[in-house]
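K.L.:
pasting the sequence and the predicted coordinates here, then a few questions.
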Amino acid sequence: MLVLRFKNQLIIFKVDSSSLHIDIIGIGNKANQEFTPEQHYVIHQHSLFSGGKRHYALIKHLLPKKHEWIAITGKMPDVMTEYVRAKQNKLLVFASGDPLFFGFANTVKRLLPNAIVSVFPHFNSLQLLAQKHVLNYSSLRTISLHGRNSWKPLDSCLIKGEELIGILTDKTHSPKHIAQRLLEYNFLDYDLLIGEELEGENERIRILSCVETLKVNDIQLLNCIILIKKSDKRIPLSFSDSSFQTLEGRPGMITKQAIRSITIPALELHSKSCFWDIGSCTGAIAIEAQLSYPNVSVLAFEIREECKDIIANNTYSHHCPGVQIEINDFMNLELSMFQKPDALFIGGMVID
C-alpha cells in the first residue's frame, strides 16, 4: 500500500505498482512523428497505451489495430489507479516534449515510486522555441506557471534580473497576463518571444514588447514564452525613504532606511521561507525584504485601509512583485490561514 499527499489531498494506493513497467515517449506537435528504430520497437511491444486526447489524435494511426487506450484526463491519482489496476503489467505513455521537463514522467515517479520507468524524450517546447529563433539558451532560466496558483516562480526571476526566462504557460498565465504583470511592476526592459503551436500546422513565432502583446488578440492557446532582457539594469536592494508613498500628512510614518538596512540582514532570511511584516504601513520593510530575498514568501499586515493602495503602489514603483498584502486588525485574524513565518518584524505604534 502506498500513502502520499497530492495537492493537499491524502491519496492511498492499495495496489502494488512494483511490477509495473511504464515506457514514456515524448512526441512533438505534428502528425508525422519521427521515431527512432528503438522507439518503433518499443511501440510494437505494447498493446496498452495512454496519453492525452491530442496525443491520441497524433499517433493513433501508428498503434497496433488491437490496442487499449487509457486517457489522461482529470485527476492524476485516478489515472495512476487505472494504470496499476490494468490487466497488463506494462504500458506505453505518449507525452508532450521531454516527459522529464515539468512533464508526465515526474508525475509518474512521484505517484508511483515503485514502478519501473523508461523515458524516450523529444525536445521540450522551450528548446524548440529557442532553436527556431536561433537563440543561445545556455543561460535560460526555465519555470512553469502551468496549473500553478502562484506567480512566485516568475516574480523571483524578475527580481533576480534573469536575462532569459523560459515560461510554460496556461490560460490564467497567458502571454497577455504575463505582459500585464511586467508592465504593472515596471519591468519594461523585457520583450516576449512567443512560440505558438510549435511544430504544428499553425506554428507562429514572434517577438513583442509588453505593450504590443496586450494589443494582439490572436495568440493561440498552445504557447510558450521566453522573456528576453534588453538591458543590464539591476534593481537596488534598498531605496531612499523619499521614494516611498506614505500616509497623507504623515511622511514620517515609515521605518527609516538606516533601520531597514540593519534589520533585514539581521533577520537572516537567506535560511527562511516565510517572513511577516506586521504593521507594514508603507510596506518598506516588506518590499526591501522581498527584493533582497526573492525566494522568500513575504506577507505585509496592516490595519489601515488606506495603506492597501499605498503598499501596492510602492511595490509597483519599486519593481517588487510577490508581496502579499493583508489589511485587517492583526489581533483578530485567524493566523492559521496564512503560511507560518520563520521570521517577523513588528512595526507601527502600539496604542493601549
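P.N.:
That came through, no problem.
K.L.:
switch to C-alpha atoms for all contacts and neighbour counts from now on
P.N.:
Noted.
K.L.:
quick one, strands of the stretch 1-150 of the chain?
P.N.:
Ranges of strands in the stretch 1-150 of the chain, per DSSP state E, counting those that start in this stretch, are 2-6, 9-13, 21-27, 48-51, 68-71, 90-96, 116-120, 141-144.
K.L.:
which helices and strands sit right next to the fourth one?
P.N.:
What it means is strand 48-51. Contact partners of strand 48-51 among helices and strands, from 3 or more C-alpha pairs under 8 Å, 6 or more residues apart in numbering; DSSP states H and E: strand 68-71, strand 90-96.
K.L.:
mind doing that once more with 10 Å?
P.N.:
Secondary-structure packing of strand 48-51 (3 or more C-alpha pairs under 10 Å, 6 or more residues apart in numbering; DSSP states H and E): strand 21-27, helix 53-59, strand 68-71, helix 76-85, strand 90-96.
K.L.:
quick one on the thing from earlier: same list (the strands of the stretch 1-150 of the chain) but as JSON lines, adding distance to His177, mean pLDDT and mean neighbour count.
P.N.:
Below are the strands of the stretch 1-150 of the chain laid out as JSON lines (distance: least, C-alpha to C-alpha, whole Å; pLDDT from 0 to 100; neighbours: other C-alpha atoms under 10 Å):
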{"stretch": "strand 2-6", "distance to His177": "27", "mean pLDDT": "51", "mean neighbour count": "12"}
{"stretch": "strand 9-13", "distance to His177": "29", "mean pLDDT": "54", "mean neighbour count": "12"}
{"stretch": "strand 21-27", "distance to His177": "28", "mean pLDDT": "97", "mean neighbour count": "23"}
{"stretch": "strand 48-51", "distance to His177": "29", "mean pLDDT": "96", "mean neighbour count": "21"}
{"stretch": "strand 68-71", "distance to His177": "30", "mean pLDDT": "95", "mean neighbour count": "16"}
{"stretch": "strand 90-96", "distance to His177": "24", "mean pLDDT": "96", "mean neighbour count": "23"}
{"stretch": "strand 116-120", "distance to His177": "33", "mean pLDDT": "96", "mean neighbour count": "16"}
{"stretch": "strand 141-144", "distance to His177": "14", "mean pLDDT": "98", "mean neighbour count": "17"}
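K.L.:
rewinding a little: make CSV from the helices and strands packed on strand 48-51 and add distance to Ser242 to it.
P.N.:
Shown next, in CSV, are the helices and strands packed on strand 48-51 (distance: least, C-alpha to C-alpha, whole Å):
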stretch, distance to Ser242
strand 21-27, 54
helix 53-59, 55
strand 68-71, 58
helix 76-85, 51
strand 90-96, 51
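K.L.:
Leu145 is in contact with Leu154, isn't it?
P.N.:
Yes - taking C-alpha atoms under 10 Å as the definition, Leu145 is a contact partner of Leu154 at 7.9 Å.
K.L.:
show me which of the two is the more surrounded one.
P.N.:
Remark: of Leu145 and Leu154, Leu154 carries more neighbours, 23 against 19, as counted by other C-alpha atoms under 10 Å.
K.L.:
next, give phi and psi for the more buried one.
P.N.:
phi -70, psi -40 (degrees, to the nearest 10).
K.L.:
before we move on, the earlier item: tell me, what's touching Leu145 and Leu154 both at once?
P.N.:
Residues touching both Leu145 and Leu154 (C-alpha atoms under 10 Å, 6 or more residues apart in numbering) are Ile167.
K.L.:
doesn't Thr315 make contact with Ala284?
P.N.:
Yes - look at Ala284 against Thr315 with C-alpha under 10 Å: they come within range, at 8.8 Å.
K.L.:
in the stretch 151-300 of the chain, where is pLDDT below threshold?
P.N.:
In the predicted model, the stretch 151-300 of the chain carries no residue with pLDDT under 70.
K.L.:
picking up where we left off before, so which of the strands of the stretch 1-150 of the chain comes closest to Asp342?
P.N.:
strand 2-6 (23.4 Å; C-alpha to C-alpha).
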